[in-house]
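>>> Prediction below, plus the sequence it came from.
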Amino acid sequence: MKILVTGGAGFIGSAVIRHIINKTQDSIINLDKLTYAGNLESLKSVSDNERYTFEQVDICHANDLKKVFDEHQPDAVMHLAAESHVDRSIDGPDEFIQTNIVGTYNLLEVARDYWNTLPETRKQAFRFHHISTDEVYGDLEGTTDLFTETTPYAPSSPYSASKASSDHLVRAWHRTYGFPILVTNCSNNYGPYHFPEKLIPLVILNALDGKALPIYGKGNQIRDWLYVEDHARALYKVVTEGKVGETYNIGGHNEKQNIEVVKTICRILDELKPQANDQPYESLITFVKDRPGHDLRYAIDASKIANELNWTPTETFDSGIRKTVVWYLNNMEWCSRVQDGSYQRERLGAGE
């Protein structure tokens with residue numbers, strides 16, 4: 001197949017591309033605007049492969065999208081391009097509305113027009129895979145329930161509301177036009193090449209710099225943690241084997257409080273790279289004012305994708321977080337190049 005991946009220079013998108021290039025014979029067109037979170041260095045290991053092509057395009061520009069479809073003639077779309085940081089959506093929601101809603105609409109329309117021109121066999125095989133988040137479901141505070149594919153939407157932040165909107169658009173294009181879509185909603189990802197404004201890389205890098213580890217509220221927010229390479233495998237399973245029109249929730253079966261996550265990282269760093277002053281890294285933990293509308297708990301029921309597509313995560317949280325810390329310790333040059341003026345990590349609370 002020839003797969004168009006939007007947002008392929010981002011954290012999850014680059015993991016998907018590395019997986020497809022390294023583990024399959026499929027070809028990739030990586031379409032990315034290259035915002036602050038897009039980093040082609042994350043794809044250096046595959047960028048010279050003859051099955052990889054890069055196009056710097058904004059999904060909000062329909063004419064540019066059309067040129068990419070006309071030139072490359074993809075067999076499938078994996079749509080990951082999105083603004084994704086909750087704190088940024090609170091400070092400035094406009095970009096989230098434009099990219100996540102208007103951009104998704106543009107992509108749907110260009111892809112649908114292209115799909116309508118395909119010969120019948122290729123038209124039947126075409127897939128539009130929309131990658132979303134568990135945050136669209138809202139907060140599970142006060143219950144032991146899990147998010148399922150039929151959980152009602154109740155987004156809490158401008159980010160999650162914009163992603164919920166894009167999910168609804170994608171499903172409407174299937175219902176109204178018969179457009180062959182798939183939707184996945186995933187839990188919190190972590191792993192190599194994660195932009196250091198998110199909780200895990202933020203804590204690792206702040207700790208190594210001897211800076212405060214800022215934790216929102218009491219740090220009792222619970223998230224289900226999914227190793228990004230497990231997620232990449234799941235996404236490829238869905239786009240190649242999933243049933244058209246279906247939604248699949250993807251989770252790591254690893255519910256952890258944020259404070260647990262931070263303390264685990266501190267313990268691994270104490271072992272692998274102790275502070276010069278011999279103080280434990282936990283001494284750097286600082287609690288800061290919680291952000292507005294902060295959901296307390298997310299948790300995914302991933303039984304559907306396990307039963308129907310035979311996917312389960314291979315990494316436990318303990319194995320995945322150790323791999324992640326080791327990767328950052330071994331790739332500090334990558335980290336230093338990522339940290340530029342668009343991101344001042346010391347002023348952000350540790351959020352997801």
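Okay, I see it.
>>> Residue 65 in helix, strand or coil?
Following DSSP: H, G, I helix; E, B strand; the rest coil, residue 65 is assigned to helix.
>>> what do you get for residue 5?
Applying three-state DSSP: residue 5 is strand.
>>> Could you tell me how many residues sit around it?
The local packing of residue 5 (other C-beta atoms under 10 Å) involves 29 other residues. Bear in mind the C-beta positions are built from the backbone N, C-alpha and C, glycine included.
>>> check contacts around it.
13, 16-17, 20, 28-31, 77-78, 80 (C-beta atoms under 8 Å, 6 or more residues apart in numbering).
>>> now do residue 30
Contacts of residue 30 (C-beta under 8 Å, 6+ apart): 5, 8-9, 13, 17, 43, 52-55.
>>> please redo it, this time with the cut-off set to 10 Å
By C-beta atoms under 10 Å, 6 or more residues apart in numbering, the residues touching residue 30 are 3-9, 13-14, 16-17, 38, 40, 43, 46-47, 52-57.
>>> just the buried members of the residues you listed?
Burial by neighbour count, 16 or more other C-beta atoms under 10 Å: within these this picks out 3-9, 13-14, 16-17, 38, 43, 46, 52-55, 57.
>>> taking those residues one by one, which sit in strands?
Judged by DSSP state E, strands contain the following of these: 3-6, 52-55.
>>> and the residue sitting furthest away from the middle of the chain, what pLDDT?
Here the centre of the chain is the reference, and by C-alpha atoms, centre = their mean the most remote residue is residue 277, at 36.2 Å. Listed pLDDT for residue 277 reads 94.
>>> what are the ranges of the strands in the stretch 101-250 of the chain?
Ranges of strands within the stretch 101-250 of the chain are 127-133, 181-186, 188-190, 213-216, 222-227, 247-250, based on DSSP state E, counting those that start in this stretch.
>>> would you turn those into TSV with mean neighbour count, distance to residue 310 and mean pLDDT?
TSV is the format used below for the strands of the stretch 101-250 of the chain (neighbours: other C-beta atoms under 10 Å; distance: least, C-beta to C-beta, whole Å; pLDDT from 0 to 100):
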stretch	mean neighbour count	distance to residue 310	mean pLDDT
strand 127-133	24	18	98
strand 181-186	25	15	98
strand 188-190	24	21	96
strand 213-216	23	37	94
strand 222-227	24	17	96
strand 247-250	25	12	98
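>>> now these as TSV including distance to residue 84?
Output for the strands of the stretch 101-250 of the chain, formatted as TSV (distance: least, C-beta to C-beta, whole Å):
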stretch	distance to residue 84
strand 127-133	8
strand 181-186	11
strand 188-190	10
strand 213-216	17
strand 222-227	14
strand 247-250	15
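>>> of all those strands, which lies closest to residue 150?
strand 247-250 (8.5 Å; C-beta to C-beta).
>>> Can you name the element that comes right after that closest one?
strand 255-257 (DSSP states H and E).
>>> mean confidence score for that next one?
96.
>>> Name every strand pairing with that strand and say which way it goes.
Partners of strand 255-257 in the sheet, by DSSP bridges, are strand 222-227 (antiparallel).
>>> Tell me the gap between the strand it pairs with and the middle of its chain.
12 Å (C-alpha atoms, centre = their mean, to the nearest Å).
>>> ok, so what distance separates the residue nearest to residue 113 when sequence neighbours are not counted from residue 54?
Nearest residue to residue 113, sequence neighbours excluded (C-beta to C-beta, 6 or more residues apart in numbering): residue 66, at 7.6 Å. For residue 66, the distance to residue 54 equals 18 Å [C-beta to C-beta, to the nearest Å].
>>> Before I go, just wanted to say thanks for your time.
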